[in-house]
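1. Task: produce atomic coordinates for the following.
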Amino acid sequence: MKIVTIVGARPQFIKAAVVSRAIEEYNRDRRGGCMIEEVIVHTGQHFDENMSDIFFQEMSIPRPRYHLGIGGTSHGAMTGRMLERLEEVILREKPDAVMVYGDTNSTLAGALAAVKLHVPVAHVEAGLRSYNMRMPEEVNRILTDRISRWLFCPTAASVENLKNEGFCIQDGKRLFEHQPVVALVGDVMYDAALFYKKIARPSQEIAELIKKFPDGFYLATIHRAENTDESVRLQSILKALEAIAREIPVVLPLHPRTRQCLMVNHNQLEYVHQIAPVGYFDMITLLSHCRGVFTDSGGIQKEAYFFGKPCVTLREETEWVELVEHGFNILAGADYERILAAESRMRDKRIDTLIDLYGSGNAGRKIVQVLLEGVYEHTAY
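-> Numbers count the residues shown, from 1 in each chain. Next up, the predicted model:
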């Protein structure tokens with residue numbers, strides 16, 4: 001059994017590490033069952049070394065067999081180039097399934113390339129919805145769900161979203177020949193947090209940074225186009241973070257897109273502590289030691305919860321509605337006053353991580369099990 005795994009962005013490397021490890025465990029203990037061969041393809045969507053290579057090194061992810069080097073262009077150009085190159089890879093490798101993660105251009109391009117060649121698609125982190133069609137990620141995830149054979153859902157809410165969109169739900173099984181499998185498996189990023197926090201060691205730079213702020217700090221990340229590409233929103237967020245940083249230090253790893261926007265708009269940050277993008281081990285170290293999180297990242301909203309930290313989301317909506325419903329996450333958008341009010345609310349917030357929101361830490365193994373049960377139903381649709 002051969003699976004082509006397509007990744008291109010930081011969150012996908014983390015998620016793929018979990019499933020790759022589950023595949024390795026299965027191959028080691030398969031007891032006469034079929035062998036799984038995984039071929040990893042890196043589209044190059046994140047091309048900065050600190051956004052890409054470091055993740056493969058420190059998380060022991062199998063090196064990509066293909067590195068397409070496609071990134072840094074418009075959405076249409078990027079997706080089109082990926083589609084063309086991924087089609088070539090799939091034709092060469094002839095996989096039994098193609099696995100994609102999340103909601104990036106790499107996700108959609110991989111799914112489209114596969115389904116047009118009649119290769120079934122497995123979508124990890126299916127069913128999430130922000131209901132904001134201005135977000136390219138929302139478009140990518142909806143279209144990918146519609147053409148996938150396996151829909152691996154991280155939460156009960158994501159399963160309900162698919163049900164509301166007309167998918168027939170019977171967990172982990174196909175109801176009829178052309179119906180996708182919808183499986184509630186839990187969140188692979190929770191698997192990753194549980195596994196890697198035991199072995200993570202920070203870089204010297206991050207270790208020294210933590211010592212520099214003995215009374216604690218906030219962690220902030222900004223990368224979504226809706227914030228970085230709209231100067232009014234970006235300036236409002238930065239103004240709020242600057243005001244907060246006058247009292248409590250704010251550490252901001254600068255995404256390449258954000259760094260470029262700061263340069264173009266001549267934004268000067270006097271109080272916010274800016275650092276280069278960090279690897280996963282450094283990020284979970286920062287999450288472990290921070291007082292709270294400000295972010296527009298979906299993945300970091302969850303990671304904040306995994307590490308027991310309150311979160312202010314710099315968007316008007318979130319796919320992770322359960323975090324808001326339980327009071328772990330506050331939606332503040334890009335509004336200066338709302339961000340400051342949210343920070344005030346989360347200063348003494350305590351997070352109950354005993355609530356089962358994202359599974360039991362075995363999502364990777366469940367995904368492999370469902371794939372093994374269904375891959376030989378190789379009927380194109």
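2. How far does stretch 180-195 sit from its chain's centre?
-> Here the centre of stretch 180-195 is set off from its chain's centre by 12 Å, with Cα atoms, centre = their mean, to the nearest Å.
3. end to end, how far does it reach?
-> Terminal residues of stretch 180-195 lie 30 Å apart, using Cα to Cα, to the nearest Å.
4. can you tell me the helix or strand for the residue nearest the centre of the chain?
-> With distances taken as Cα atoms, centre = their mean, the residue of the chain nearest its centroid is residue 11 (3.4 Å). Per DSSP states H and E: residue 11 is located in helix 10-28.
5. if we can go back for a sec, isn't the residue nearest to the centre of the chain right up against residue 189?
-> Yes: using Cβ atoms under 8 Å, residue 11 is in contact with residue 189, at 7.4 Å. For glycine as for every other residue, the C-beta is placed from the backbone atoms N, C-alpha and C.
6. if I look at these two, which residues touch both of them?
-> Each of residue 299 lies in contact with both residue 11 and residue 189 under the rule Cβ atoms under 8 Å, 6 or more residues apart in numbering.
7. pLDDT weak spots in the protein?
-> The model of the chain has pLDDT under 70 over residues 47-52, 170-178, 264-267, 375-381.
8. all strands for it, in order.
-> All strands of the chain, identified by DSSP state E, fall at 2-7, 37-42, 66-67, 97-101, 121-124, 150-153, 181-184, 218-221, 250-253, 273-275, 292-295, 311-313, 329-331.
9. could those go into a markdown table alongside distance to residue 305 and mean neighbour count?
-> Output for those, formatted as a markdown table (distance: least, Cβ to Cβ, whole Å; neighbours: other Cβ atoms under 10 Å):
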| stretch | distance to residue 305 | mean neighbour count |
| --- | --- | --- |
| strand 2-7 | 23 | 26 |
| strand 37-42 | 28 | 21 |
| strand 66-67 | 33 | 17 |
| strand 97-101 | 19 | 28 |
| strand 121-124 | 19 | 26 |
| strand 150-153 | 18 | 26 |
| strand 181-184 | 18 | 23 |
| strand 218-221 | 13 | 25 |
| strand 250-253 | 19 | 22 |
| strand 273-275 | 23 | 15 |
| strand 292-295 | 9 | 24 |
| strand 311-313 | 7 | 27 |
| strand 329-331 | 7 | 21 |
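10. mind putting those in TSV, distance to residue 139 included?
-> Shown next, in TSV, are these (distance: least, Cβ to Cβ, whole Å):
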stretch	distance to residue 139
strand 2-7	18
strand 37-42	22
strand 66-67	25
strand 97-101	14
strand 121-124	14
strand 150-153	17
strand 181-184	21
strand 218-221	22
strand 250-253	27
strand 273-275	31
strand 292-295	21
strand 311-313	20
strand 329-331	21
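11. Tell me which of those sits nearest to residue 131.
-> Nearest to residue 131, of all those, is strand 329-331, at 13.1 Å by Cβ to Cβ.
12. Quickly list what residue 331 is bridged to.
-> Per DSSP bridges, the residues bridged to residue 331 are residue 313.
13. Contacts only, for it.
-> 313, 315, 316, 317, 318, 324.
14. Grab the nearest non-local neighbour of the residue nearest to the centre of the chain.
-> Nearest residue to residue 11 in three dimensions, chain neighbours excluded: residue 299, at 4.2 Å (Cβ to Cβ, 6 or more residues apart in numbering).
15. Same check on residue 224?
-> Closest residue to residue 224 apart from its sequence neighbours, by Cβ to Cβ, 6+ apart: residue 296 at 4.4 Å.
16. was I right about residue 279 contacting residue 58?
-> Yes: using Cβ under 8 Å, residue 279 is in contact with residue 58, at 5.5 Å.
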